[in-house]
Each structure stands twice: as C-alpha cells, then as structure tokens.
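> Here is a sequence together with a model predicted from it:
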Amino acid sequence: MRFLLAVLLCLGSTRLPAIDLNGQTEFAQRLTLNSSISGRVEVINVAVGQQVAVGEVLLSLVPTGLKANADIAAAQVDSLAPAVDRMLVEMEKAQELFDRDSLALVELQLAEQNYAIAQANLAGAKARLARALFRLSQTDIKSPINGVVLSIATFAGQYINTTVNNQTLLTVVDNSSMTVQSLLPLELWKESIMGKPARVTVQQKTYQGKVIGASEQVTIGDNNHPAVTLRIRFAADGKLAAGLPVKINIKDN
C-alpha cells in the first residue's frame, strides 16, 4: 500500500526523538563522461583514483584533422582581413569625391557595396574559424568537477564512434561530499525531520551531515514494514568509497 507523505503532516510537529538508522555511502556527484565527436584516443592523462580539478584535461583524442581545419579557417580569416581595410579606404575616398561632386552616386554605392561584401566575407570566415576551434576543443575531455577518477573505460588507440554508441570513457566523482539513503519507519516520520543534523559514522569515524530529502511516497522496508526513504548528505574527507555501511543518528536539536 502506498501513502502520500502529505497525509502524515496532520500528525503534528511534536519533538523528534533520537533516531538510529543504517545505510550505505554514495557519492554526491557521479558523472560519466563521453565524447561528443568521433575520433581515436591519443592519450589518457589520468589514472583511477587520481584527484582532478575542474577543467583538467583527462583524455585527448587525436586532433590532426580538426587542427588542420582550424588552421585553414584561420588562414582564410587572415587572407580576407586586408580586403576589408582596402574596401574601407576605397569607400572613404569615394565618399570624399562624391561630396566634391567628382563622383557619381552609383560609383559611391558600388564602393559601399564592395565594403559590405568584404565585411560579410570576413564575418563568415571568422564564424567558420570559431566553429573549427570549437570542434578542435572537443578533442579534450575535461573534468567538470573537483573530484577523483573512479573508472576509465577506454584505452589509447581505441576509436570512438559516436554515431554507433554513446560510450562512457571515464567516470568522475565528487568524493568530498557523500550521501546516504536510509529507510525510516513510517511511525517515526515527522515533517520536522527535514533539515535536521545527522551524525554519520563510517569505519569508526563520525561525520556531520543533515537530512536533505525524503521520498514523496511510502515504501516497504524491513519485515514488510512501511517506511520513508530519507536522504542524508555529509561532508567527507575525500577518502571514502561508495557502498560502505554507515550508522546514522538524527536528533531534534
């Protein structure tokens, strides 16, 4: 039988007794990283268990073809830039002559048109360069968080084909913050438990955390007893793994 927690709010807000629960550790953030482009893995810069920082390059694909495209696009920008300057000078001269009644309007308009075309050509080349540089940047897989490398699922030389599958290359976790899910017997549930401090004991070491969430519906716990799933978050020391058994103590203080 399933119940909405909202029904339980009518039970009042009496003081919450001390509650002891069990649970298992989980990383607060677990991110699987893949590639948005196809290519061959050139180098893996990290190892499992290594601490990494935001923006650190974890893995690189062979950039040769994309680097060549970026170089070509940059050369096109360089070749078109002088034409813009030249067309600007010619348009300014045409304007001056026109102001002196020494040039027909149609010739001034032609100079203005040539300048606009040169500007458009340069803008298009710059856009192609920006796109080429963006594609080139995607050959580097960077860490989106400060954390640790949990697993590596590729190797140097492997070809990654994104049109075939969305292969996970690495998994990075935030091991400075952990969560625990635990089943709270239904009769102990009170709305006031949300946000309460919680002591989490792992491997004989105690960490300070708090209750950050609860399931919207009641589930079935031990011995077919109705229970609410609580989520507790706590700051860790970066040395804990996922799946460790923990003891949780929640007090109304």
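Happy to help now that I have it. Residues are numbered from 1 along each chain as shown.

> Helix or strand: which one has the nearest residue to residue 202 once chain neighbours are set aside?
Spatial nearest neighbour of residue 202, chain neighbours left out: residue 246 (4.8 Å); criterion: C-beta to C-beta, 6 or more residues apart in numbering. Every C-beta, even on glycine, is put in place using the N, C-alpha and C of the backbone. Taking DSSP states H and E as the criterion, residue 246 maps to strand 245-250.

> Centroid-nearest residue for the protein?
In the chain, the centroid-proximal residue (C-alpha atoms, centre = their mean) is residue 144; its distance is 5.1 Å.

> Report the beta-bridge partners for the residue nearest to residue 202.
residue 23 (DSSP bridges).

> now the spatially closest residue to the residue nearest to the centre of the chain that is not a sequence neighbour, which residues is it bridged with?
Among residues not flanking residue 144 along the chain, residue 31 sits closest, at 6.1 Å (C-beta to C-beta, 6+ apart). Legend: beta-bridge partners of residue 31 under DSSP bridges are residue 172.

> hang on, isn't residue 31 packed against residue 145?
Yes: here residue 31 reaches residue 145: they are 6.6 Å apart, a contact under C-beta atoms under 8 Å.

> what do those two both touch?
Shared contacts of residue 31 and residue 145 (C-beta atoms under 8 Å, 6 or more residues apart in numbering): residue 172.

> picking up where we left off before, surely the residue nearest to the centre of the chain forms part of a helix?
No: assessed with DSSP: H, G, I helix; E, B strand; the rest coil, residue 144 is coil; it does not lie in a helix.

> and it, what pLDDT?
Note on residue 144: pLDDT of 95.

> Look at residue 75 and give its secondary structure.
helix.

> pLDDT wise, what is the residue nearest to residue 144 at?
For residue 31, pLDDT reads 96.

> any idea how far residue 250 is from it?
For residue 31, the distance to residue 250 (C-beta to C-beta, to the nearest Å) stands at 29 Å.

> Quick one: residues contacting residue 21.
Residue 21 neighbours (C-beta under 8 Å, 6+ apart): 182, 183, 184, 230, 247, 248, 249, 250.

> let's see it at 7 Å
182, 184, 248 (C-beta atoms under 7 Å, 6 or more residues apart in numbering).

> go on, residue 49?
148, 149.

> let's see it at 10 Å
148, 149, 150, 151, 175 (C-beta atoms under 10 Å, 6 or more residues apart in numbering).

> Kindly provide the distance from it to residue 21.
Separation of residue 49 from residue 21 (C-beta to C-beta) stands at 30 Å.

> And for residue 71?
60 Å.

> Give me the buried stretch members for stretch 236-253, please.
236, 240, 246, 247, 248, 250 (16 or more other C-beta atoms under 10 Å).

> Before I go, just wanted to say thanks for your time.
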